[in-house]
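Peer 1: no letters, just coordinates:
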């Protein structure tokens with residue numbers, strides 16, 4: 001009985017190591033190539049895990065030119081403001097829909113769930129955004145994705161799972177709905193709010209398709225559009241940036257990838273401990 005257990009544990013350990021290596025290898029390669037010189041890239045035929053002549057020329061090129069810097073500022077602004085706006089609207093809707101005495105709450109909930117199954121399509125959405133005067137504005141990156149039906153359902157379920165005695169006691173003390181939400185419900189919802197904030201932040205940070213559809217001015221492009229133009233399509237960022245320090249094109253592309261990935265990697269560890277708890281407690285029943 002003990003031998004099969006050890007074999008199973010060994011197999012699990014091997015599987016974990018394989019998965020970690022499969023994830024770590026390209027990540028290390030991207031970071032290493034971003035610090036590589038032209039000699040290192042030629043020597044390794046592209047992907048550099050550990051550069052022999054590390055240099056910051058790629059990052060100097062990026063931040064000197066201003067294209068990536070401007071796109072990074074735009075992405076940070078959209079992510080922060082968009083996440084705050086989405087969280088505010090989602091919390092308000094979820095709290096209202098979790099109260100059984102709210103008239104029309106079931107109809108509003110069914111309408112929100114309907115959007116999870118059916119989408120209007122690209123052309124109707126584009127015509128709607130243009131008709132509202134949001135075309136080529138940053139609001140076009142926030143308004144169409146302001147509320148996620150999935151996040152709304154998770155947060156509503158969490159609010160419904162809170163004991164009714166808390167609401168009754170607060171109402172006896174003379175508290176209104178807004179005060180109950182701010183003073184009682186939200187402090188008890190830190191885990192699920194952290195998870196939903198992460199979901200929204202990742203959505204806005206990776207807002208590539210909406211940027212492609214709704215932004216015509218390249219000066220307003222967020223970071224995902226810069227990735228598409230200068231990494232996937234292979235246009236020269238050196239020439240576009242007109243920087244004084246020219247770095248290998250492949251190193252510049254990998255440096256842009258690092259800049260795009262690092263912010264989310266830095267935020268995730270602080271929210272990771274809330275992740276499982278927030279999702280599970282918000283989806284037990286509804």
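Peer 2: Now that the structure is in, tell me what you want to look at. Just so it is clear, the structure is predicted and the values come from calculations on it, not from any experiment. Residues are numbered from 1 along each chain as shown.

Peer 1: does residue 36 really touch residue 248, like I thought?
Peer 2: Yes: under the contact definition of Cβ atoms under 8 Å, residue 36 touches residue 248, with a separation of 7.1 Å. The C-beta positions use only the backbone N, C-alpha and C, and glycine is treated the same way.

Peer 1: between these two, who's got more neighbours?
Peer 2: residue 36 (31 against 22; other Cβ atoms under 10 Å).

Peer 1: what about the more buried one, which SS state?
Peer 2: What DSSP: H, G, I helix; E, B strand; the rest coil gives for residue 36 is coil.

Peer 1: distance of it from residue 254?
Peer 2: As judged by Cβ to Cβ, to the nearest Å, residue 36 and residue 254 stand 8 Å apart.

Peer 1: same question, residue 140
Peer 2: As for residue 140, its distance to residue 254 is 30 Å (criterion: Cβ to Cβ).

Peer 1: count the residues that sit near the residue nearest to residue 128 when sequence neighbours are not counted.
Peer 2: Leaving aside its chain neighbours, residue 128 sits nearest to residue 120 (7.6 Å; criterion: Cβ to Cβ, 6 or more residues apart in numbering). Applying other Cβ under 10 Å, we find 12 residues neighbouring residue 120.

Peer 1: residue 120 sits in which helix or strand?
Peer 2: Per DSSP states H and E: residue 120 is located in neither a helix nor a strand.

Peer 1: next SSE after the helix or strand hosting residue 40?
Peer 2: Residue 40 is part of helix 38-44, with elements assigned from DSSP H and E. Sequence-wise, the next helix or strand downstream of helix 38-44 (DSSP H and E) is helix 57-65.

Peer 1: touching, residue 29 and residue 49? I think so.
Peer 2: Yes: under the criterion of Cβ under 8 Å, residue 29 makes contact with residue 49 at 5.7 Å.
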